[in-house]
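> with the sequence up front, the predicted model follows.
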Amino acid sequence: MAVFIFITCTCCGVISGIVYDILYIARCAVCGITKEAYTVKDKIFTAACDVLYFLIFAAGFVFTSVMFDFDELRLYMLFACFLGALLYLKSFHVIVAFSVRKVYNRITSRKGKKINDGRKA
C-alpha cells in the first residue's frame, strides 16, 4: 500500500507542476519576463499567484488523500509530492519556459517594429 501512496503522491506533485506552469504563463503575460523590471503591482501579482498555487496544491493533496482513503500524513507522502513537482519542473517546465520566452520576445519585438514604423510615417 505504501508504494501505491508514494506513486499517487508523486502524480499529485506532477499535477501541481502543471498548475504552476499555468500560473507561470499568466505571470509572464501580466508582469513580463524580466524580474528586474517588476513594479510593486507585479510583485503583488506574483505573490498572489504563489499563494494561489499553494492553495490549489494543498486542496489537491487533501482531495487525493480523501479520495484514496490515506489514513495518516507521512513524511514520504510529502517527499513524493515534492519529488513529482521537481521532476516536472526539471523536465517539462524547461520546454514551457523556453516556449514562453520565444513567444514573449516575438510579441514584444513586433510591438517595437509597429511603434518604429508608426514613428517613421
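Sure, I can see it.
> helix or strand for the spatially most central residue of the chain, which one?
Computing the C-alpha centroid of the chain and ranking residues by CA atoms, centre = their mean puts Tyr20 first, at 1.6 Å. Assessed by DSSP states H and E, Tyr20 sits inside helix 2-31.
> and Val103, how many residues sit next to it?
Using other CB atoms under 10 Å, Val103 has 13 neighbouring residues. The C-beta positions use only the backbone N, C-alpha and C, and glycine is treated the same way.
> which residues does the residue nearest to the centre of the chain contact?
With contact set as CB atoms under 8 Å, 6 or more residues apart in numbering, Tyr20 has these partners: Tyr53, Ala85, Tyr88, Leu89, His93.
> which residue is the nearest non-sequential neighbour of the second one?
For Ala85, ignoring the flanking residues on the chain, the nearest one in space by CB to CB, 6 or more residues apart in numbering is Gly13 at 4.1 Å.
> and the one you found, how far from Thr39?
Relative to Thr39, Gly13 is positioned 32 Å away (CB to CB, to the nearest Å).
> more crowded one of these two?
Higher neighbour count among Gly13 and Thr39: Gly13, with 24 against 10, using other CB under 10 Å.
> tell me the contacts of the more buried one?
Residues in contact with Gly13 (CB under 8 Å, 6+ apart) are Ala80, Cys81, Phe82, Leu83, Gly84, Ala85, Leu86, Leu87, Tyr88.
> any idea which element the closest residue to Phe6 other than its chain neighbours lies in?
Among residues not flanking Phe6 along the chain, Ala80 sits closest, at 4.7 Å (CB to CB, 6+ apart). Using DSSP H and E, Ala80 sits within helix 75-90.
> quick one: that helix to chain centroid distance?
14 Å (CA atoms, centre = their mean, to the nearest Å).
> pLDDT (mean, whole number) over it?
In this model, helix 75-90 carries a mean pLDDT of 94.
> that older thread, reformat the contacts of Tyr20 as a markdown table; add neighbour count and distance to Asn105.
Output for the contacts of Tyr20, formatted as a markdown table (neighbours: other CB atoms under 10 Å; distance: CB to CB, whole Å):
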| residue | neighbour count | distance to Asn105 |
| --- | --- | --- |
| Tyr53 | 16 | 25 |
| Ala85 | 22 | 27 |
| Tyr88 | 21 | 24 |
| Leu89 | 19 | 22 |
| His93 | 18 | 18 |
